[in-house]
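A.B. asks: structure for the following, please:
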Amino acid sequence: MIIKRVLNNNAVMSLDKNNEEIIVKGKGIAFQKKNGDSIDEKKIDKIFVIDNQDTNRRYQEILVNIPDDCITACEAMIDVIKQHVDKELSDKIYVTLTDHIFNLLERIQMGIVFDNTLLWDVKRLYRQEYQAGLLVVEMIRKTFDVKLDDDEASFIALHIVNAQINANFRDVIELTGMIDDIYDIVESDFALTIDKDGLEYTRFIMHLRVFFERIMNKQHMKSEKSQTLLNTLKKEYPKQYQCVMHILEYVSMKYEEPLEGEILYLLVHVIKLTD
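C.D. replies: Coordinates of the predicted model:
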């Protein structure tokens with residue numbers, strides 16, 4: 001295995017047997033090495049195979065420009081996240097979360113504090129990710145000896161969601177706001193206050209996350225097989241059906257994807273929330 005680019009003292013870029021770029025890491029693996037030298041395979045700790053070329057390029061930039069102690073700590077944090085969330089994470093979390101934490105540490109040094117009020121109810125919308133975020137916040141405190149509010153867990157949670165649905169961070173922020181708006185629609189249509197600690201609310205939010213993930217990945221539900229059941233529920237629960245139409249009208253303002261196949265599934269959840 002040959003070094004194609006030295007990234008830092010502990011990381012190099014090489015090529016696999018298919019001539020695809022890989023990132024090879026190990027303590028001191030690039031010490032006194034240069035491009036074209038052989039890699040000491042005994043020093044290899046991790047090999048990152050990143051399919052997305054843009055993510056690969058950005059991670060190489062991270063390895064070149066961010067101190068290795070921060071990168072190593074972030075990798076340990078990502079390992080903890082993977083142990084505590086049950087959805088697969090894309091490799092880009094090594095880019096986005098590492099970059100976020102490095103910039104966070106710089107902001108703390110400069111005394112800059114971000115306002116968290118724009119993150120809506122992240123703690124409730126992404127409960128599992130928020131809990132993982134709290135673990136990461138505690139690791140940041142201990143590793144870098146800094147004071148950090150628990151609110152930072154909300155930002156961490158959104159980066160985790162970002163890696164789950166393979167969207168960009170701006171889309172995740174927007175998606176979070178749309179989920180918040182949708183349960184506002186339900187509350188408004190039925191003049192009720194939804195129990196946000198209840199099981200049905202949690203299931204509804206999880207369905208909305210999957211719903212938006214399908215839209216963003218252009219994976220559409222088919223509706224023809226469920227048309228009979230939909231017609232029955234439409235007659236029995238006309239108000240809930242009308243609420244679902246309000247939801248789809250709102251979503252259609254952002255996305256032009258076909259949504260007919262989602263009606264039944266949204267209707268079932270709205271019925272459970274409101275009946």
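A.B. asks: which residues in the stretch 151-275 of the chain form helices?
C.D. replies: 152-165, 169-190, 199-216, 227-236, 238-252, 263-274 (DSSP state H, counting those that start in this stretch).
A.B. asks: quick one, domains of this structure?
C.D. replies: 1-49, 52-165, 176-274 (automatic domain parsing).
A.B. asks: and the end-to-end length of the second one?
C.D. replies: By Cα to Cα, to the nearest Å, the extent of domain 52-165 from end to end equals 15 Å.
A.B. asks: now that domain: mean pLDDT?
C.D. replies: For domain 52-165, mean pLDDT is 89.
A.B. asks: tell me how far Ala30 lies from Asn103.
C.D. replies: For Ala30, the distance to Asn103 equals 25 Å [Cβ to Cβ, to the nearest Å]. All C-beta spots, glycine's among them, are computed from the backbone N, C-alpha and C.
A.B. asks: of these two, which one has the most company?
C.D. replies: Neighbour count, other Cβ atoms under 10 Å: between Ala30 and Asn103, Ala30 has more, with 23 against 12.
A.B. asks: please tell me how far the more buried one sits from Leu266.
C.D. replies: For Ala30, the distance to Leu266 - Cβ to Cβ - is 53 Å.
A.B. asks: re the thing from before, tell me the most buried of the domains of the chain?
C.D. replies: Between the domains of the chain, domain 52-165 has the highest mean count of neighbours, a mean of 17, where neighbours are mean count of other Cβ atoms under 10 Å.
A.B. asks: just checking, Val49 touches Asp16?
C.D. replies: Yes - contact criterion Cβ atoms under 8 Å: Val49 and Asp16 qualify, at 7.0 Å.
A.B. asks: common neighbours of the two, please.
C.D. replies: Counting by Cβ atoms under 8 Å, 6 or more residues apart in numbering, the contacts common to Val49 and Asp16 are Ile22.
A.B. asks: now do stretch 32-44: distance to the chain's middle.
C.D. replies: For stretch 32-44, the separation from the chain centroid amounts to 34 Å (computed by Cα atoms, centre = their mean, to the nearest Å).
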